[in-house]
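*Asks:* turn this into a structure:
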Amino acid sequence: MTKFKDDSSHATNNNAELEGTIMRTEDVYASNEEPSFDPVLEKAWWKVDLAVVPVVSMFYLLAFLDRTNLANARVAGLQKDININNHQFSVALTVTYIPYILSQLPSNLVLKVESFQVSSFIFHSGIHAGSFSEGLLAFGIVRMDGIGGRSGWAWIFILEGLFTILFGLSTYITLPRSPAHARFLDKEEKDYVISHLRATDATAQDEDADSFSWREVWRTYTLLHVWMIGVVLFFSGVFVYGLAYFTPTIIADLGYTAVNAQLFSVPPFAVAFVVSMVAAYVSDCYGARGLVSIFAAILVTIGFAMYHGSRSLHVKYGSLFFSITGAYITLPTLSTWMANNTAPHTRRATAVAFASSMSNFGGILVTWLFGTLSPPPLYTKATVTLLIFSALTVVITAATVAFFSFQNKKKAAIRATTAREDERPGLGDRSAWFVYTL
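*Replies:* Here you go, the predicted structure:
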């Protein structure tokens, strides 16, 4: 009984501490003052990075790993063992996208948490690590062929799926749901982190602005930049999922054995990982998400042009270094760009869900392009389609950068003649004090 009373008292104190943290940070914003820079408290960001980035990056790694391992399983004999043709394989891939698309918006809206700043490093590191590690893992796992009476491709699903389940369960303990709930931060650090998140519009300046609203959901679809980035994300989904699902098959069609196809798929993704980390650094530090996306789309264009224009198997394999590197930079950069430039929470959650759905729709298209609509080994129709999409990505992304730049100039003119307290509340990214990331 005594222990129960002690625990209750401890829980009450924790709740009081949390409420106090939220009240103190809202007091800061009641006066429209930005929190001052504190070099000592800035160390709190390192604590946040160490606690959050590895876990969230692993989420992206596993999510991508568990979606693309079908490609390696196919090369390892899945399609032959279960006796399905290319059309049936495309149907199977298409089915995997449906739950992702249907769950995007409700899951984003239900996960109402006080968000940390969105860094493209998280997207880049998780997706790319999953990409090139899948080939290495598959190369090793398929050697378990025959163990337990199961094929090597079956062990890919068993081992990778089991690890995902266990890791997901562990994050209920390891991942804090907001800065205010982070046990590794003291009271002063929580105040500092939350106040700076609100000052930079990563979260709204009051709870009402961040609360759910159907009006904000529909308003998201009236934003021009959501549709512009959404279209480019559709193209990026075609690039990324096409290369993720079919790179091992493409390499096998170039004359490599099934086992070597797993291994030779690793170098292009390894190069993409290194280059994308540099791109993520530039994108985060200089706020140049649009320019980084344009650079990446140019790489994709070069890669597909090489693949389409050459008959040399060595050149075709070399083209993957360009197309895979560019493709795996565009998707995470554009996703982060969408999140950075949309507020408040409901609007941002809707935009991010829309972004993910668009890339998944691109994935559905590409599952039919390779093999079914465009036969191996040249995949001519698929390559030409992707080449056109990559060129359009450059044009539309450049237009989006120009649009954001124009809007920022208009907002700067408003800020020069208007006080912030005179602005109508609840404008989110349409506020004159919300500066778009270019």
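*Asks:* grab the nearest non-local neighbour of residue 244.
*Replies:* With C-beta to C-beta, 6 or more residues apart in numbering as the criterion, residue 244 has its nearest non-adjacent residue at 4.2 Å, and that residue is residue 68. C-beta coordinates here come from the backbone N, C-alpha and C atoms, glycine included.
*Asks:* show me what contacts residue 377?
*Replies:* Each residue near residue 377 by C-beta atoms under 8 Å, 6 or more residues apart in numbering is listed here: 250, 253-254.
*Asks:* go with 10 Å
*Replies:* Contacts of residue 377 were listed using C-beta atoms under 10 Å, 6 or more residues apart in numbering, and they are 249-250, 252-255, 313, 316.
*Asks:* ok, residue 384 next?
*Replies:* The contact partners of residue 384, taken as C-beta under 10 Å, 6+ apart, are 304, 308, 374.
*Asks:* name the helix or strand for residue 326, please.
*Replies:* Using DSSP states H and E, residue 326 maps to helix 313-340.
*Asks:* and if you look at residue 385?
*Replies:* Here residue 385 is covered by helix 380-417, with elements defined by DSSP H and E.
*Asks:* buried residues in that helix?
*Replies:* Within helix 380-417, the residues that qualify as buried are 382-383, 385-387, 389-391, 393-394, 396-397, 400-401, 403-404, 407-408, 411, counting by 16 or more other C-beta atoms under 10 Å.
*Asks:* got it, and stretch 414-429?
*Replies:* For stretch 414-429, a neighbour-count test (16+ other C-beta under 10 Å) marks 428-429 as buried.
*Asks:* endpoint to endpoint, that stretch covers what distance?
*Replies:* Terminal residues of stretch 414-429 are spaced 14 Å apart (C-alpha to C-alpha, to the nearest Å).
*Asks:* show me how far that stretch is from its chain's centre.
*Replies:* How far stretch 414-429 lies from its chain's middle: 31 Å, per C-alpha atoms, centre = their mean, to the nearest Å.
*Asks:* what mean pLDDT does the strand or helix carrying residue 172 get?
*Replies:* Using DSSP H and E, residue 172 sits within helix 152-174. Mean per-residue pLDDT for helix 152-174: 92.
*Asks:* show me what contacts residue 263?
*Replies:* By C-beta under 10 Å, 6+ apart, the contact set of residue 263 is 135-136, 138-139, 248, 251, 256-257.
*Asks:* ranking by neighbours, what's the top pick from the residues you listed?
*Replies:* Counting neighbours by other C-beta atoms under 10 Å, residue 138 leads those with 30 neighbours.
*Asks:* that one: which element?
*Replies:* Residue 138 belongs to helix 120-141, assigned by DSSP H and E.
*Asks:* show me what counts as buried in the following helix or strand past the helix holding residue 172.
*Replies:* Later in the chain than helix 152-174, the nearest helix or strand by DSSP H and E is helix 187-199. By neighbour count on 16+ other C-beta under 10 Å, the buried set for helix 187-199 is 189-199.
*Asks:* other SSEs contacting helix 187-199?
*Replies:* For helix 187-199, the elements it packs on are helix 2-30, helix 43-75, judged by 3 or more C-beta pairs under 10 Å, 6 or more residues apart in numbering; DSSP states H and E.
*Asks:* tell me the least confident of the buried residues of helix 187-199?
*Replies:* residue 199 (66).
*Asks:* check the gap between residue 344 and residue 219 for me.
*Replies:* Using C-beta to C-beta, to the nearest Å, one gets 10 Å for the distance from residue 344 to residue 219.
*Asks:* neighbour count: the two, which is higher?
*Replies:* When neighbours are counted by other C-beta under 10 Å, residue 344 and residue 219 differ, and residue 344 comes out ahead with 24 against 16.
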